[in-house]
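Student: fold the following for me, if possible:
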Amino acid sequence: MQNRWIASLVVAASLMIGAPALAMGDSDPVNLGEVQQLIDAGDFQTAVAKLQMYVDATPHDADGYNLLGYSYREMGFFDLSKQSYDRALQLDPGHLGVHEYLGELYLKTNEPAKAQAELAILEGLCGTECVEYTTLAAAIAAANP
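Tutor: Next up is the predicted model:
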């Protein structure tokens with residue numbers, strides 16, 4: 001547990017140091033499409049640095065916090081991921097992507113009942129045919145063979 005806490009501090013510190021350098025080197029605003037490409041390539045550390053700049057500049061955009069939560073989750077920083085998802089849901093309680101990704105976080109943290117609750121929320125928001133519902137349902141099924 002202490003090692004995870006130390007690792008979280010190290011990543012947070014490196015991101016704080018890296019973000020100003022990125023900001024000084026980038027005259028263009030952060031583009032979520034470009035960040036999505038970084039995420040797709042598995043470059044989560046760079047994605048997190050850019051997303052942190054993005055949410056600092058646009059603090060009312062749930063999409064930025066959703067992608068930040070996803071990136072933190074993929075890096076194994078589950079507390080930071082949850083905080084990002086919680087902020088996104090404060091901004092947009094009906095954000096389908098956040099509910100899907102939060103459910104997947106709950107599966108990773110061995111909280112299947114909470115993942116099921118997110119699935120139920122998705123069903124209420126978009127039914128059982130939307131991609132977020134079907135993706136989370138498949139993840140839950142895979143976690144419970």
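
Student: quick one: the helices in the protein, in order.
Tutor: Assigned by DSSP state H, the helices in the chain fall at 2-25, 32-40, 44-57, 62-75, 78-91, 96-108, 112-126, 131-143.

Student: any idea which of the ones you listed scores lowest on pLDDT?
Tutor: Out of those, helix 2-25 stands lowest, with a mean of 41 (criterion: mean pLDDT).

Student: quick one on the thing from earlier: want to throw the helices of the chain into JSON lines with mean neighbour count?
Tutor: From N, CA and C alone the C-beta is placed, and that goes for glycine too. Shown next, in JSON lines, are the helices of the chain (neighbours: other CB atoms under 10 Å):
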{"stretch": "helix 2-25", "mean neighbour count": "12"}
{"stretch": "helix 32-40", "mean neighbour count": "15"}
{"stretch": "helix 44-57", "mean neighbour count": "21"}
{"stretch": "helix 62-75", "mean neighbour count": "24"}
{"stretch": "helix 78-91", "mean neighbour count": "19"}
{"stretch": "helix 96-108", "mean neighbour count": "23"}
{"stretch": "helix 112-126", "mean neighbour count": "17"}
{"stretch": "helix 131-143", "mean neighbour count": "16"}
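
Student: ok, Ala47 touching Asp40?
Tutor: No: at 9.5 Å, Ala47 and Asp40 do not qualify as touching, with contact defined as CB atoms under 8 Å.

Student: now Lys82: closest residue in space, sequence neighbours ignored.
Tutor: Leaving out its chain neighbours, the residue that sits closest to Lys82 by CB to CB, 6 or more residues apart in numbering is Leu105, at 6.4 Å.

Student: I figured the one you found hits Ser81, correct?
Tutor: Yes: with contact defined as CB under 8 Å, Leu105 counts as touching Ser81 (5.6 Å).
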